[in-house]
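Asker: sequence first, predicted coordinates after that:
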Amino acid sequence: MRVHELAKELTLSSKDLLDKLHALGMDVKNHMSTLTPEQVQQVRSGAPAAPAAAPVPAATEKAPKPAAPPPPPPEPPAPVVEKKVILHGPIIVKELAEQLGVKPNQLIAELMTMNVFASINEKVDPRVVQQVAHKHGYTVEHEKKQPERPPPPPKPEEEKPAPVTDREQDKMPRPPIVTFMGHVDHGKTSLLDHIRRTRVAQGEDGGITQHIGAYMVTYNDHTITFLDTPGHAAFTAMRARGATLTDIAVIVIAADDGIMPQTREAIQHAKAANVCMMIAINKVDLRTANVDRVKRQLQQEGLTPEDWGGDLVCCPVSAATGEGIDHLLEMILLQAEMLELKANPRRRGQGFVIEARLEAGMGPTANLLVRAGTLQVGDAIVCGPCWGRVKALINDVGVKVRTAGPSFAVKCLGLNSVPEPGTEFEVYPNDKAARAVATERMEKRRLEAISTPRRASLEDLLKPQSGPAVQELVVVLKADVQGSLEAIQQALRDIKSEKVTLKIALAGVGSINENDVLLASASNAIIIGFHVSKESGATAAAKREGVEVRLYSVIYELLDDIRDAMAGLLEPMLKQNVIGHAQIRQVFELSKKGRVAGCMVTDGRVTSRSRARVVRDGEVVYEGALASLKRFQNDASEVREGQECGIRLDNFPDFAAGDVIELYEVEKIEQSL
Ligand code: GDP
């Protein structure tokens, strides 16, 4: 059975059913996916069987009520007391049941009688909550929402340690945090490696260099922190989560290659983040190096190098020979001085997760960059929904340290689970407070997860939606050359529609990289590639982020798909065409197959694929599909007026002689743009 068929049967939209299937942990792709009989069974039994079997009087249950807070304790039946359901946000069936003091399955049954099919962990529409609560004699109260952020930056405001306003005299200069960005192969990694190799002191205790997402270099008695995941993918991923860690972005440009598409992108990203930018013109050891050409190109980008009268610091360097690297470090320190970077090391530590993983023998480890205050061993720390007491801190040269101050990176052991990169961490006064905050966030996330829609996929968009129509299709467009990029953009702009708009979140030249995926993920966009391929990391990232990537080599196919995708955003109009009526003359009880309605087709026709409504005394008592249509003993695909037939209805055995079955077909009228 296909998803959409089951959806029809359950009178749910395919989308709602898909959500439900996902909530049940089933890996189904779309409305055309086929469900196994077990899965169908599971969904059907997700809510107790037939509505008739379930309903409300089950209130006689003897089982002890769940240990839920609301029922006012000793007062006997005292309806005078105002009973309230308090909503903190979306509420799921289980919680609503708890608040109402009923069993979840009882509530599910009750909801079914209201035509709401929800499983225990599914969200209940606020209007439905209102109705159900009312029935039980409860009023609904919405707890005032605190200003909320979207899910990823998990920076809840709840019991955040009292905001510290640092006094000016407490603030101390802190090391600058530097990221290398730029086009692939221009030497970001080589520069980082060179600096690290030549500048990072080996651990005194014989520790070995650790990869902790950042390392610290001392030059002329000053420290510089380098984030060692170069490239703007990581940079933007962090920023997408609300963490701008970088103070100075060094854009690396190979002197032989000059400005390339990703260089431009990196510049845009640095500008967008409003961080200080400088340029390292790398590979000056090459014979083909042309520093002046790079500067000219920068000038064309509206960035004037310092020695040409502007304020952009450009340092010619070579990661291969080490030439110019000291000068680069000096310039970084000079920039840092001008930025007057300061932080108060005396307060409780606060900062961001650079990376985190589960490590053998260590449990969850998080590489943290401290932004303010000092992190210490023994601190109660919260990172998003994770918390723990800091067991150990390990620095970039593998040495265990007791504290980490502003701009320092350390590997932290002791968290109870693995936080996401970019998550903010904070130190709390004690374990109890930390645990409470983390638990609350975890719960909040869970609720958000059940109410967060999945990302757009072209197929989703192509399929008719039954929910509120999305009116904007967002795409990230990548093409091989500027010429085709412009042509496609123009053609896309020419797709005129009053109902759906097309937004191009990014249009760029070059293969599809991880960064494009992150951008698409952040803007719920699909990625369209024309004559380009995916970079190795992009495929994995797309999978992880649930971003759809489509590659084309024929422009018309691309445009057709986009047009279809836009049209797919429009809800199709559903039209019911009544094709006939059949009257139930007699009901046959078949031992194996249940009840069959012996009918006479009074007008029109009955087809095995039509939908049916059972009308009794002018009231519709059932609406759904036919389970079988028989003419004498044989399956029939169509039975016409004046003929007799046997009809079984899907999941509805309660018909009676005299009922009229109205047969209809649903016609979907696709809307055009
Ligand atoms: P990334 O993709 O920007 O991280 O670039 P890599 O650091 O991986 O460098 C790409 C290639 O350029 C490697 O083969 C490096 O050996 C080479 N490379 C990097 N820096 C220099 C340099 O200063 N001079 C020369 N001749 N080659 C370099």
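Answerer: Structure's in. What do you need? Residues are numbered from 1 along each chain as shown.

Asker: is stretch 292-300 up against the ligand anywhere?
Answerer: No - on the criterion Cβ under 6 Å from any ligand atom, stretch 292-300 is out of touch with the ligand, staying 13.4 Å away. Every C-beta, even on glycine, is put in place using the N, C-alpha and C of the backbone.

Asker: which residues does Phe588 bridge with?
Answerer: Judged by DSSP bridges, the bridge partners of Phe588 are Val596.

Asker: that one contacts Gly594, correct?
Answerer: No - with contact defined as Cβ atoms under 8 Å, Phe588 does not count as touching Gly594 (9.7 Å).

Asker: does Lys432 count as helix, strand or coil?
Answerer: helix (DSSP: H, G, I helix; E, B strand; the rest coil).

Asker: if I look at it, how far off is Phe425?
Answerer: Remark: distance between Lys432 and Phe425 (Cβ to Cβ, to the nearest Å) = 18 Å.

Asker: what's the answer for Gly322, then?
Answerer: 36 Å.

Asker: between the two, point out the one with more neighbours.
Answerer: For Gly322 versus Phe425, neighbours defined as other Cβ atoms under 10 Å are more numerous around Phe425 (25 against 14).

Asker: if you skip the residues just before and after it, what's nearest to that one?
Answerer: Cys383 (4.2 Å; Cβ to Cβ, 6 or more residues apart in numbering).

Asker: and that neighbour, what is it in contact with?
Answerer: By Cβ atoms under 8 Å, 6 or more residues apart in numbering, the contact set of Cys383 is 353, 356, 366, 368, 415, 419, 423-425.

Asker: now do it, the pLDDT please.
Answerer: According to the prediction, Cys383 has pLDDT 93.

Asker: what does this structure have sitting close to the ligand?
Answerer: For the chain, the residues in contact with the ligand (Cβ under 6 Å from any ligand atom) are 184-190, 230, 282-283, 285-286, 318-320.

Asker: in strands only, show me those.
Answerer: Counting by DSSP state E, the part of these found in strands is Asn282.

Asker: skip ahead from the helix or strand containing Leu17 and say which helix or strand is next.
Answerer: For Leu17, the element it lies in under DSSP states H and E is helix 14-23. Sequence-wise, the next helix or strand downstream of helix 14-23 (DSSP H and E) is helix 37-46.

Asker: tell me which residues in that next one are buried?
Answerer: 39-40, 42-44, 46 (16 or more other Cβ atoms under 10 Å).

Asker: repeat for stretch 283-291
Answerer: Buried residues in stretch 283-291 (16+ other Cβ under 10 Å): 283-285, 289-290.

Asker: do the same with stretch 383-401
Answerer: Buried residues in stretch 383-401 (16+ other Cβ under 10 Å): 383-390, 393-399.

Asker: what is the least confident helix or strand in this protein?
Answerer: Counting by mean pLDDT, DSSP states H and E, the weakest-scoring helix or strand in the chain turns out to be helix 458-462, with a mean of 51.

Asker: where along the stretch 251-400 of the chain do the helices fall?
Answerer: Secondary structure of the stretch 251-400 of the chain (DSSP state H, counting those that start in this stretch): helices located at 261-273, 291-300, 325-339.

Asker: okay if I get the ones you listed as CSV plus mean pLDDT?
Answerer: Supplementary listing: those in CSV, determined by pLDDT from 0 to 100:
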stretch, mean pLDDT
helix 261-273, 82
helix 291-300, 95
helix 325-339, 93
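
Asker: most packed of those helices?
Answerer: helix 261-273 (a mean of 20; mean count of other Cβ atoms under 10 Å).

Asker: what's the angle from that one to helix 291-300?
Answerer: 50 degrees (axes from the mean of the first three to the mean of the last three Cα atoms, to 10 degrees).

Asker: report all helices and strands that helix 261-273 contacts.
Answerer: Counting contacts by 3 or more Cβ pairs under 8 Å, 6 or more residues apart in numbering; DSSP states H and E, helix 261-273 is packed against strand 177-182, helix 232-240, strand 248-254, strand 276-282, strand 501-509.

Asker: quick one, strands of the stretch 501-650 of the chain?
Answerer: 501-509, 526-530, 549-552, 573-590, 594-607, 611-616, 619-631, 634-635, 638-640, 644-649 (DSSP state E, counting those that start in this stretch).

Asker: any idea which of those strands is most buried?
Answerer: The stretch of the strands of the stretch 501-650 of the chain with the highest mean neighbour count (mean count of other Cβ under 10 Å) is strand 526-530, at a mean of 24.

Asker: give me the contacts around that one.
Answerer: Here strand 526-530 has contacts from 456-458, 461, 473-480, 484-485, 488, 511-512, 516-517, 520, 542, 547-553, 555, 558, 562, 565, using Cβ under 8 Å, 6+ apart.

Asker: what about the residue lying closest to Asn344 once chain neighbours are set aside, which SS state?
Answerer: Among residues not flanking Asn344 along the chain, Asp166 sits closest, at 3.9 Å (Cβ to Cβ, 6+ apart). Put simply, Asp166 is coil when judged by three-state DSSP.

Asker: scan the residues of the chain next to the ligand and report the most crowded one.
Answerer: Neighbour counts for the residues of the chain next to the ligand (other Cβ under 10 Å) peak at Asn282, which has 32 neighbours.

Asker: ok, it touching Gly322?
Answerer: No - contact criterion Cβ under 8 Å: Asn282 and Gly322 do not qualify, at 11.7 Å.

Asker: buried sites along the helix holding Leu17?
Answerer: Buried, per 16+ other Cβ under 10 Å, within helix 14-23: 14-21, 23.

Asker: count of neighbours near Val93?
Answerer: Other residues close to Val93 by other Cβ under 10 Å number 21.

Asker: got the contact list for it?
Answerer: Listed by Cβ under 8 Å, 6+ apart, the contact set of Val93 reads 104, 107-108, 111, 118-122, 124.

Asker: ok, Glu301 next?
Answerer: So Glu301 contacts 259, 264, 267 (Cβ under 8 Å, 6+ apart).

Asker: turn these into TSV, columns for distance to Val3.
Answerer: Output for the contacts of Glu301, formatted as TSV (distance: Cβ to Cβ, whole Å):
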residue	distance to Val3
Ile259	49
Arg264	44
Ile267	46
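
Asker: who touches stretch 302-319?
Answerer: Contacts of stretch 302-319 (Cβ under 8 Å, 6+ apart): 187, 190-191, 193-194, 255, 267, 277-285, 291, 294-295, 298-299, 323-325, 327-328, 331, 334-335.

Asker: ends of it, how far apart?
Answerer: Terminal residues of stretch 302-319 lie 27 Å apart, using Cα to Cα, to the nearest Å.

Asker: distance between it and the chain's centre?
Answerer: Centroid separation for stretch 302-319 versus its chain: 40 Å, with Cα atoms, centre = their mean, to the nearest Å.
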